[in-house]
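Asker: Prediction below, plus the sequence it came from.
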Amino acid sequence: MQFGYCRCSTNENKQDIDRQKRELKQLGIKESNIFFEYESGSKIDRVQLDRLLSTVKDGDSIAATEVSRLTRSTKQLCEIIELSKEKHLKLVIGSFVVDCTKELDPMTQGMIMMWGVFSEMEKAIISQRVKSGMANAAAKGKAIGRPITKIEALPNSFLKHYPKYRDKLINATEFSRLCGLSRQTIYKYLSIYTPSN
């Protein structure tokens, strides 16, 4: 069976994951077999990736548009390759196929490992640039980070549905869906909202 994996670092409001999904569907992967999430590629424990890796069976394939979508950790990439060897999987990275259903040749393994090294290095460079930019902004006296959300700025949808959440008629997931906001944003708003009634 063919499976796909998509990943973006930030939430759906900031990064569009649909391009990755489209490319995987063009490879013939059913949408129901595409696992996706919004997590850092350097994070080792990712819910959807872990689900995918525990779902695949011998002879299945896992596709991703780039190595960096699977992981930005060389160590984790090694673990994924080892699992692929054990389960005789095919890894499809873009148009490149790493066929672990048979013995993996050293050239192919070396090439994918180099991609992993470059992916991890790219992440480190991006992180370094961000830190440098923040330090430069701070030196110029600029405020760092996101602006603080004030109670007066909370969206009407949050205020409208809050009583249902407070009265335990809906849970956080339903609350976020009704508001069209991520659960993380809902929790952030709940931490600053203290209604008088």
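Answerer: Looks like it arrived, so ask away.

Asker: Next secondary structure after the lowest-mean-pLDDT helix or strand in the chain?
Answerer: Every helix and strand in the chain was compared by mean pLDDT, DSSP states H and E; the lowest is helix 106-139, with a mean of 78. Counting by DSSP states H and E, the next helix or strand C-terminal to helix 106-139 is helix 156-166.

Asker: what stretches of the protein score poorly on pLDDT?
Answerer: For the chain, applying pLDDT under 70 flags the ranges 11-15, 143-149, 194-197.

Asker: just checking, what packs against the lengthiest strand in it?
Answerer: Taking DSSP state E as the criterion, the chain has its longest strand at strand 2-8. Other elements packing on strand 2-8 under the criterion 3 or more Cβ pairs under 8 Å, 6 or more residues apart in numbering; DSSP states H and E are helix 18-26, strand 34-38, helix 47-55, strand 61-64, helix 67-70. In this view, the C-beta of every residue, glycine as well, is placed from N, C-alpha and C.

Asker: picking that back up, in terms of secondary structure, what does the least confident helix or strand of the chain contact?
Answerer: Helices and strands touching helix 106-139, by 3+ Cβ pairs under 8 Å, 6+ apart, are helix 67-70, helix 74-86, strand 90-93, strand 96-99.

Asker: returning to that earlier point: tabulate the helices and strands packed on strand 2-8 (a markdown table), appending distance to residue 76 and mean neighbour count.
Answerer: As requested, those are arranged in a markdown table below (distance: least, Cβ to Cβ, whole Å; neighbours: other Cβ atoms under 10 Å):
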| stretch | distance to residue 76 | mean neighbour count |
| --- | --- | --- |
| helix 18-26 | 19 | 15 |
| strand 34-38 | 15 | 19 |
| helix 47-55 | 9 | 15 |
| strand 61-64 | 13 | 24 |
| helix 67-70 | 8 | 23 |
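
Asker: Would you mind giving the domain segments of the chain?
Answerer: Recorded structural domains for the chain (assignment: automatic domain parsing) are 2-120, 151-192.

Asker: Off-centre distance for the last one?
Answerer: I take that to be domain 151-192. Taking Cα atoms, centre = their mean, to the nearest Å, the mean C-alpha location of domain 151-192 is offset from the chain mean by 23 Å.

Asker: same thing with stretch 90-109?
Answerer: With Cα atoms, centre = their mean, you get 23 Å for stretch 90-109.

Asker: so who does residue 111 touch?
Answerer: Contact criterion Cβ atoms under 8 Å, 6 or more residues apart in numbering gives no residues in contact with residue 111.

Asker: what's the angle from the longest strand of the chain to strand 34-38?
Answerer: 10 degrees (axes from the mean of the first three to the mean of the last three Cα atoms, to 10 degrees).

Asker: quick one, strand 2-8 and helix 47-55 angle?
Answerer: Computed by the same axes, to 10 degrees, the angle between strand 2-8 and helix 47-55 is 160 degrees.

Asker: Convert strand 2-8 to CSV, retaining C-alpha atoms only.
Answerer: The C-alpha coordinates for strand 2-8 follow below in CSV (Å, rounded to 0.1, in the frame of the first residue of the first chain):
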residue,chain,number,x,y,z
GLN,A,2,1.1,3.5,-0.7
PHE,A,3,1.3,6.1,2.1
GLY,A,4,2.3,9.8,2.1
TYR,A,5,3.7,12.2,4.7
CYS,A,6,3.4,16.0,4.6
ARG,A,7,4.8,18.4,7.2
CYS,A,8,5.0,22.2,7.7
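
Asker: Appreciated, that's everything.
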